[in-house]
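Chemist: Build the 3D model from these lines:
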Amino acid sequence: MPQAANKITLGEMRNGRAGARGLLVFCADYRCSHMTRLPPAEVDRWPDDVSLSDLEPRFICSKCGRRGADVRPDFRPARMGTC
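Modeler: Numbering: from 1, shown residues only. Prediction:
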């Protein structure tokens, strides 16, 4: 029997090695493929125990109006020359 995927929480995302604090939100309709970034200031309003999958049904696409989204951590690329 296949195992269920682990549901990452905002706390795990924030405190992980990559330290992602923002979110990428993709429209659930693949034909629309609208994407938006939520900055840390907006994401910080939700507590650490909220899972990304709990947020997905709450979003409504501002382009096509469909409810639902694919929510992922926004891992910003490392800046060159930083330690």
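Chemist: can you count the residues close to the closest residue to Trp46 other than its chain neighbours?
Modeler: Once flanking residues are discounted, Trp46 sits nearest to Leu10: 5.7 Å by CB to CB, 6 or more residues apart in numbering. Every C-beta, even on glycine, is put in place using the N, C-alpha and C of the backbone. By other CB atoms under 10 Å, 22 other residues sit near Leu10.
Chemist: pLDDT value on Leu10, please?
Modeler: If you check Leu10, the pLDDT there is 93.
Chemist: just Gly68 next, same as before
Modeler: 95.
Chemist: For it, give its distance to Asp48.
Modeler: 23 Å (CB to CB, to the nearest Å).
Chemist: So the two - more neighbours on which side?
Modeler: Gly68 (14 against 11).
Chemist: for the helix ranked longest in the chain, which positions count as buried?
Modeler: Longest helix of the chain, by residue count under DSSP state H: helix 10-15. Of the residues in helix 10-15, Leu10, Glu12, Met13, Arg14 count as buried by neighbour count, 16 or more other CB atoms under 10 Å.
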